[in-house]
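Q: give me the fold of what follows.
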Amino acid sequence: MRNIRLTIAYDGTDFHGWQIQPNRPTVQGALVEVAARLTGERVFLFGAGRTDAGVHALGQTATFKTRSALAPGEFLRAFNALLPPAIRVLRCEEESPDFHPRWQALEKTYQYRIYRGRIVPPFEHRYVLHYPFPLDEHAMALAAPLFEGLHDFTAFAGSGGDEEEGRQRTPVREVLSAKIGRVGRRSIWSKAFAAVAESAPGATTGPACAPGTSGSSTELSEYGEELAFTVRGRSFLRFMVRKMVGTLLEIGRGRLAAADILRQFDERDRSAVGPTAPPQGLFLVSVEYPDRWSVRSGE
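A: Predicted coordinates for the structure are as follows:
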């Protein structure tokens, strides 16, 4: 049996999340349907993690086993010819039999986009939270790194479940980095997508610029009216990133203090942190693996 690895980007707006659900369109379901059509086999497709309804991805990783003799390039062309336009396979390669996209993942990078301008462009509304009201972005930038480290994230998660189908029951997670700052649209779209599609998946978050940061006119011209929260970690609880964003927004509004983040690691009171931010601003940017399984440009 061959182990086929896919790197996938998708617009999650019209899907009920990643995981297959009866009588509902899902990203995993669409991929399985096409894979089964191409191979003539019953296909089991595994992803690096589950994304919820309305959440997007620039670099999801998935694998399936097959006896098909199709070359990776043939799979790539066929998937993109048959999938709906909202799902694209960016890379396809044959992996070692022991590679699993979830269990071998070292870390994942997520980014949440907040549009701060008065009027959100009609081409962007599916991909951002529109919040044109006053925010203390400096306070949010100072608070974001408090999420870093090994903590009990019970207060910053949904009432049950995680993105890894229950393998890790503990609410303790390690956040490797967390930051929030202004970014340009070009940084979010072009750089991230090009990096995933053309070279090794990495933390392609683009430069961040906090309000008041000095820089050349060329640099500043790239920074528009978007605020982006970027977080890296080994794994995440369900709704964890969106609850972190909701908490940072409450800090920006002055309704919570940065110290509330640290307090809730111990108190674990979901009602004492911010609400779950809407899904449309969230992107799974990339999934990183040990060097043995890293995707390299030109392979």
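Q: alpha carbons only for contacts and neighbour counts from here, please
A: Noted.
Q: ok, the spatially closest residue to Leu82 that is not a sequence neighbour - contacts?
A: Using Cα to Cα, 6 or more residues apart in numbering and skipping residues adjacent in sequence, the residue nearest Leu82 is Val34, 6.7 Å away. Counting by Cα atoms under 8 Å, 6 or more residues apart in numbering, Val34 touches Phe79, Leu82, Leu83.
Q: who wins for neighbours among the residues you listed?
A: Neighbour counts for the contacts of Val34 (other Cα atoms under 10 Å) peak at Phe79, which has 22 neighbours.
Q: what about it, distance to Leu90?
A: When Cα to Cα, to the nearest Å is the yardstick, Phe79 and Leu90 sit 10 Å from each other.
Q: and for Asp14?
A: 20 Å.
Q: same check on Val128?
A: From Val128 to Leu90 the distance is 23 Å (Cα to Cα).
Q: repeat that for Ala9.
A: For Ala9 relative to Leu90 (Cα to Cα), the value is 7 Å.
Q: of the two, who's got more company?
A: Ala9 (26 against 21).
Q: just give me the neighbour total for His16.
A: His16 has 18 nearby residues by other Cα under 10 Å.
Q: try Ala259
A: 11.
Q: swap in the one 5 residues further on?
A: By other Cα under 10 Å, 20 other residues sit near Gln264.
Q: one more: the one 3 residues further on?
A: Burial of Glu267, expressed as a neighbour count using other Cα under 10 Å, amounts to 13.
Q: residue contacts, it?
A: Counted by Cα under 8 Å, 6+ apart, Glu267 has contacts Ala155.
Q: report pLDDT for it.
A: Here the pLDDT value assigned to Glu267 is 94.
Q: mind checking how far it is from Ile261?
A: For Glu267, the distance to Ile261 - Cα to Cα - is 10 Å.
Q: likewise for Thr154?
A: 12 Å.
Q: so which of these two has more stuff around it?
A: Between Thr154 and Ile261, Ile261 has the larger neighbour count (other Cα under 10 Å), namely 25 against 22.
Q: following the strand or helix carrying the more buried one, which helix or strand shows up next?
A: Using DSSP states H and E, Ile261 sits within helix 259-267. Using DSSP H and E, the next helix or strand after helix 259-267 towards the C-terminus is strand 282-288.
Q: residue boundaries of the helices in the stretch 151-299 of the chain?
A: 185-186, 192-198, 217-221, 240-253, 259-267 (DSSP state H, counting those that start in this stretch).
Q: which of these has the lowest average pLDDT?
A: helix 217-221 (a mean of 33).
Q: and Thr66, its phi and psi?
A: Main-chain torsions, Thr66, degrees, to the nearest 10: phi -160, psi 160.
Q: ok, now which ones touch it?
A: Met1, Arg2, Asn3, Ile4, Thr39, Glu41, Val43.
Q: how much space separates the residue nearest to the fifth one when sequence neighbours are not counted from Arg37?
A: Going back to what we said before, that points to Thr39. Counting by Cα to Cα, 6+ apart, Ser68 is the residue found nearest to Thr39 once chain neighbours are left out, at 5.6 Å. Distance, Ser68 to Arg37, by Cα to Cα: 11 Å.
Q: same thing with Asn23?
A: 19 Å.
Q: more neighbours: which of the two?
A: Taking other Cα under 10 Å, Asn23 and Arg37 do not tie; Arg37 has more neighbours (14 against 6).
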